[in-house]
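Colleague: build me a structure from this.
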Amino acid sequence: MKRMMLLVSLLCLVSLASAQDMVISVSDTTGAAESIVEVPINLEGAEDVGSMDISLMYDPAVLQAVGVEAGELGGNAYIESNTASEGKVMIALADSSGINGDGSVAVVSFKVLGDVGSSSTLTLGDVAVHNTDLVEVISPTIDGTLSVTEEASESAGYAGMLLMTIGAIAVALLFVKRR
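Modeller: Predicted coordinates:
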C-alpha cells in the first residue's frame, strides 16, 4: 500500500514539474482613444493543452471588451467567451487534439475608452489549465498593460494587417496581368 501511494505521489510530482514549463501571458500594448485594439493571450511552451478557463480583468473606465477570437494556437479549439461583465472577460476553450507550441491562444478585442495617458492593467486571474489526459497543469501567468496613446501601435495589429493586405493585392494584380 505504501509503495502504491509513493508511486502515485511520484507521478503527480513529475506531471507538476513538467507542467511548470508553460507560461500564460498578456503582452503590453498601446491603443489610440476610441480605437479597437486586439490583445493576444499567449502561451509559451504549451504541450498537449486540452482545455483552459481564463479570466482577464481590466479597468472598465479605460477599456470595453467587445469580442474574443481564436489565436493562432487556438485555431482548432472550441472557444466560448463572455464579455458582458464590466471589467472582466471570461474565456473557455477545449481542443481534444491538444494545443502545442508558442503563440496566441485567444485574442481579446477592446474599445479604448480612456483618455491619452491613461492605462489599464490586464490581469490574468482564475486560470485553470488541463492537458488532454484531464490532468491539471499549473502554469505561471504574466499580466500586461494597455496604455492609451495618440496613435495606435503596430502591436495593435492594424498597421501590419494593412501592409499584408496591400501586398496581397499587389501580388494578385501581378498574377492577373500575367494571364
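Colleague: so what sits opposite the residue nearest to the spatial centre of the chain in the bridge?
Modeller: In the chain, the residue lying closest to the centroid (Cα atoms, centre = their mean) is Ile41, at 1.6 Å. Applying DSSP bridges to Ile41 gives these bridge partners: Val26, Ala106.
Colleague: one more: Thr123?
Modeller: On the basis of DSSP bridges, Thr123 is bridged to Met57.
Colleague: quick one: contacts for it?
Modeller: 56-58, 143 (Cβ atoms under 8 Å, 6 or more residues apart in numbering). All C-beta atoms are positioned from the backbone trio N, CA, C, and that covers glycine.
Colleague: measure the nearest residue to Thr149 once chain neighbours are set aside to Gly144 for me?
Modeller: Take Thr149 and drop its neighbours on the chain: the residue closest to it by Cβ to Cβ, 6 or more residues apart in numbering is Thr30, 4.6 Å away. Distance, Thr30 to Gly144, using Cβ to Cβ, to the nearest Å: 11 Å.
Colleague: by mean pLDDT, which helix or strand of the protein comes out lowest?
Modeller: Here the helix or strand of the chain ranked lowest by mean pLDDT, DSSP states H and E is helix 2-19, holding a mean of 44.
Colleague: state the pLDDT value of the nearest residue to Met90 once chain neighbours are set aside.
Modeller: Nearest residue to Met90, sequence neighbours excluded (Cβ to Cβ, 6+ apart): Asn82, at 4.5 Å. Looking at Asn82, its pLDDT is 97.
Colleague: is Asn82 in contact with Ala65, as I believe?
Modeller: No. In this structure Asn82 lies outside contact range of Ala65 using Cβ atoms under 8 Å: 9.2 Å.
Colleague: still on that earlier bit, neighbour-wise, which one of the contacts of Thr123 leads?
Modeller: Leu56 (27 neighbours; other Cβ atoms under 10 Å).
Colleague: which regions of this protein sit below the pLDDT cut-off?
Modeller: Along the chain, segments meeting pLDDT under 70 span 1-20, 152-168, 170-179.
Colleague: which stretches of it form strands?
Modeller: Assigned by DSSP state E, the strands in the chain fall at 23-26, 29-32, 36-57, 63-70, 78-82, 88-112, 119-131, 136-137, 141-142, 144-149.
Colleague: partner strands of the fifth one, parallel or antiparallel?
Modeller: Strand 78-82 has its sheet partners listed here by DSSP bridges as strand 88-112 (antiparallel).
Colleague: report the beta-bridge partners for Ile99.
Modeller: Assessed by DSSP bridges, Ile99 has beta-bridge partners Val49.
Colleague: how many other residues sit next to it?
Modeller: Neighbours of Ile99 using other Cβ under 10 Å come to 27.
Colleague: my read: it touches Tyr78, true?
Modeller: No. If you go by Cβ under 8 Å, Ile99 and Tyr78 don't touch, sitting 11.7 Å apart.
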